[in-house]
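One predicted model, sequence on top.
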Amino acid sequence: MEISDRIEQFTKMMEEDELLLKSTAIHYFRKLFATERDKSKVPDESPFYLRIINQIIRALSNNYLDHDSQADAIWVVTNMCCLNQKINHLFVEANCIDILVKQLTNGDRKIANQCIWAIANIAADCIDCKMRCRSVKVFKQLVQKLTKSYEMNQVDRRNLIWCINNLTSGGRIQVPNTVAKSMIRALSDNLFNSKGYPTESASKILWSLANIADDINNLNRIDMILDQSELVQNCLSIFLDSTYSQLHTAALRLIGNIAVGNNEQTDRLLAFSNFRYVLELAMTKVEHRSEVAWICSNICAGLPRHIDYLLINDKFYRWVQEGIQSKERRFEKECLWIVANSLVSGDEAQIEWLVEQGVIFQIARLLKSEDTRLNEKGLSAAIHIIREYPWQQRLFEELKIVECIDTSESPMLFSAQKRELEIILTNSATPKIPKIEDEFKYLSFSKIE
């Protein structure tokens, strides 16, 4: 019998009133759509799939199945959602998410854990499905289970963390701070096993924590992570250990999202002794240099002492200059942001040092950038520098700084500032040294007493 004929036969069996026939058909479809199925035999589309979905939803909604058949029905949801996006959306439109959420509190752990897997599959489909899965109730239930993860087997624990990771990725999550705090604590507790090694789900845990922290409108999340001082220290240690290279990208992103915080939070991050070593190591890695440049640019957006923290490394600014010359677009841009933020947030001594290092060359690049925010910072810095350090005028002219300013992007702002810079340059033009007549020439000797 062809697979299509079997699908038709068991679909009709599921539509029968007799419970035994329904259960038998559901069990068949559970096995048919298993993730280990032979994809060459199971079609991606069938005229009977919608009828199967309707019967599964009806069975779960009316709650007339025994526990084993109920678990099988949720298995069908889990596996069919992997077929294609159209099938996934049919389940979502049939109110499947609400049904699964209600079953999260089911006393039968087998059913509850299968619901977690199904929700994770639905959330992984697209951003709309993910947003429909996100709810305070779902997160509360998942966190509650994660705090008791010791009661779960390895597979169910892995699926739970995978589900949380799917739900937290792709945009800021809107949950109360109490729920976020509980989630951070529960995830942190599952980062390492009892022997002190990262768990098999460590990467997803780190990414989930990074996603939770990624909310510029709610910096309390960063405080919650910093309050877990052991978590931050573990994250730094993971990055410094070459054994865990597969975790480095996630660990660095979590560190980076902490660095986005306010000045006090930045102080707390810089206070970790290993943080400097993480920066220095990441700077030497091609695969991480763009990310660490982003971290440094956020640090430079803080206070002068934060900039000093970076400049104390005598190789740092040379590394930034090399980054600006890089063909790697993100690395180049983040290094430009380091310069821009340092010029805006730095004190006069730091700006003078940057001028001595030839920062005018980088200002020219800021003004030519496609990012108008960098243009604005570069132009403001140029005006400040030519006022305070008028001897830089010749370099301004050689680099044609004024000609680098494109007023078309923001004519009202840039035109006025461009005109201001032109006036300053004209008024501070270096006067010609007058010719000294021979009769006024003389030699002066100093005498050491």
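Yes, it's here.

average pLDDT for stretch 27-44?
Along stretch 27-44, the predicted confidence averages to a pLDDT of 76.

That stretch: end-to-end distance?
Using Cα to Cα, to the nearest Å, one end of stretch 27-44 lies 19 Å from the other.

Which neighbouring elements make contact with the helix or strand residue 235 falls within?
Secondary-structure assignment from DSSP states H and E places residue 235 in helix 229-240. Using 3 or more Cβ pairs under 8 Å, 6 or more residues apart in numbering; DSSP states H and E as the contact criterion, the secondary-structure elements in contact with helix 229-240 are helix 177-189, helix 202-213, helix 220-227, helix 248-259, helix 275-283. C-beta here means a position set from N, CA and C on the backbone, and glycine is covered the same way.

7 Å - rerun?
Contact analysis of helix 229-240 by 3 or more Cβ pairs under 7 Å, 6 or more residues apart in numbering; DSSP states H and E lists helix 220-227, helix 248-259, helix 275-283 as its packing neighbours.

so of those helices, which one's packed in deepest?
For those, the stretch with the most neighbours on average is helix 248-259, a mean of 23; neighbours defined as mean count of other Cβ atoms under 10 Å.

So what touches that helix?
Taking Cβ atoms under 7 Å, 6 or more residues apart in numbering as the criterion, the residues outside helix 248-259 that touch it are 203, 206-207, 209-210, 213-214, 222, 225-226, 235, 238-239, 265-266, 269, 278, 282, 288, 291-292, 294-295, 298-299.

check which helix or strand covers residue 373.
helix 372-388.

next SSE after that helix?
Assigned by DSSP H and E, the successor of helix 372-388 is helix 393-398.

Can you list the neighbours in contact with the next helix or strand after that next one?
For helix 393-398, the succeeding helix or strand toward the C-terminus, using DSSP H and E, is helix 401-404. Around helix 401-404, the neighbours that count as contacts under Cβ under 7 Å, 6+ apart are 363, 364, 367, 368, 382, 418, 421, 422.

hmm, 8 Å instead?
Where contact means Cβ atoms under 8 Å, 6 or more residues apart in numbering, the residues beyond helix 401-404 that reach it are 360, 363, 364, 367, 368, 382, 396, 418, 421, 422, 425.

separation between residue 158 and residue 111?
In this structure, residue 158 lies at 18 Å from residue 111, with Cβ to Cβ, to the nearest Å as the measure.

which of those two has more neighbours?
Looking at residue 158 and residue 111 with other Cβ atoms under 10 Å, you find the greater number of neighbours at residue 111, namely 20 against 17.

Just say helix, strand or coil for the more buried one.
At residue 111 the chain is in helix, as set by DSSP: H, G, I helix; E, B strand; the rest coil.

Nearest residue to it in space, please, no chain neighbours.
Taking Cβ to Cβ, 6 or more residues apart in numbering as the measure, residue 111 lies nearest to residue 71, with 5.2 Å between them; neighbours along the chain are not counted.

Please, which helix or strand holds that neighbour?
With the criterion set as DSSP H and E, the secondary-structure element containing residue 71 is helix 67-80.

what packs against that helix?
With contacts defined as 3+ Cβ pairs under 8 Å, 6+ apart, the secondary structure elements packing on helix 67-80 are helix 19-32, helix 49-62, helix 85-93, helix 96-103, helix 109-123.

Show me which positions of the shortest one end up buried.
Counting neighbours by 16 or more other Cβ atoms under 10 Å, one finds that the buried residues in helix 96-103 are 96, 97, 99, 100, 101, 103.

If we only consider those, which is nearest to residue 143?
Minimum separation from residue 143 among the buried residues of helix 96-103 (Cβ to Cβ) is found for residue 101, which lies at 14.1 Å.

you'd agree that closest one is up against residue 138?
Yes - applying Cβ atoms under 8 Å, one finds residue 101 in contact with residue 138, separated by 5.8 Å.

tell me, what's touching those two both at once?
Common neighbours of residue 101 and residue 138, counting by Cβ under 8 Å, 6+ apart, are residue 119.

Show the pLDDT at residue 215.
pLDDT, residue 215: 89.

when you give positions from now on, start the count at 8
From this message on, residue numbering opens at 8, which makes the last subject residue 222.

who are the neighbours in contact with it?
With contacts defined as Cβ under 8 Å, 6+ apart, the neighbours of residue 222 are 179, 180, 228.

Confirm it sits in a strand?
No - assigned with three-state DSSP, residue 222 falls outside any strand and is coil.

Dump the helices and strands packed on helix 74-87 to TSV, plus distance to residue 250.
What follows is the helices and strands packed on helix 74-87, written out as TSV (distance: least, Cβ to Cβ, whole Å):
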stretch	distance to residue 250
helix 26-39	40
helix 56-69	45
helix 92-100	38
helix 103-110	38
helix 116-130	28
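
Name the stretch among the ones you listed that sits most buried.
helix 116-130 (a mean of 23).

tell me the mean pLDDT for that one?
When pLDDT is averaged along helix 116-130, the result is 94.

packing partners for it?
Contact here means 3+ Cβ pairs under 8 Å, 6+ apart; on that basis helix 116-130 packs against helix 74-87, helix 92-100, helix 103-110, helix 134-140, helix 143-153, helix 161-175.

TSV for these, including mean pLDDT and distance to residue 252?
TSV is the format used below for those (pLDDT from 0 to 100; distance: least, Cβ to Cβ, whole Å):
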stretch	mean pLDDT	distance to residue 252
helix 74-87	94	32
helix 92-100	93	33
helix 103-110	94	36
helix 134-140	92	29
helix 143-153	94	26
helix 161-175	95	20
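
Okay, residue 29 and residue 49: tell me how far apart.
Distance, residue 29 to residue 49, by Cβ to Cβ: 21 Å.

And for residue 156?
Distance, residue 156 to residue 49, by Cβ to Cβ: 33 Å.

now swap in residue 325 and tell me
Plainly put, residue 325 is 58 Å away from residue 49 if you go by Cβ to Cβ.

and the two? which has more neighbours close in?
residue 49 (16 against 11).

Got the phi and psi for the more buried one?
phi -90, psi 120 (degrees, to the nearest 10).

Quick one: residues contacting it.
Counting by Cβ under 8 Å, 6+ apart, the residues that residue 49 touches are 10, 39, 40, 90.

can we see that at 7 Å?
Applying Cβ under 7 Å, 6+ apart to residue 49 gives the contacts 10, 39, 40.
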